[in-house]
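[1] structure here, sequence nowhere to be found:
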């Protein structure tokens, strides 16, 4: 016999999988249209405060340009 705890865990698992499935993208999105092109644009967003110090320093040091293949 299935216990109430296992039944609840199974229900939560199914709801989670359903929610994550809804996060997928459709085939007619604009990103799939540019997937074959050589140049793609990446927009990086962060808050300019101490809690986001890592992306601020990485951007200033050119880490993103270097590792994403775009050199200025």
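    Noted; the coordinates are in hand. All values reported here derive from a predicted model rather than from experimental measurement.
[2] looking at the protein, which helix or strand is least sure?
    Ranked by mean pLDDT, DSSP states H and E, the weakest helix or strand in the chain is helix 30-33, scoring a mean of 50.
[3] what count of nearby residues applies to residue 56?
    14 (other C-beta atoms under 10 Å). For every residue, glycine as well, the C-beta is placed using N, CA and C.
[4] oh, that last question was meant for residue 11, not what I typed.
    Residues within reach of residue 11, counting by other C-beta under 10 Å, total 10.
[5] and if you look at residue 41?
    6.
[6] how about residue 6?
    10.
[7] coming back round to it: I'd like the next helix or strand past the least confident helix or strand of the chain.
    helix 53-61 (DSSP states H and E).
[8] list the buried ones in that next one?
    Neighbour-count burial for helix 53-61 flags residue 58 (criterion: 16 or more other C-beta atoms under 10 Å).
[9] contacts for that helix?
    44, 46, 48, 64 (C-beta atoms under 8 Å, 6 or more residues apart in numbering).
[10] list the buried residues for the helix or strand that that helix is followed by?
    Sequence order places helix 63-67 as the next helix or strand after helix 53-61, per DSSP H and E. Buried residues in helix 63-67, counting neighbours by 16+ other C-beta under 10 Å, are absent.
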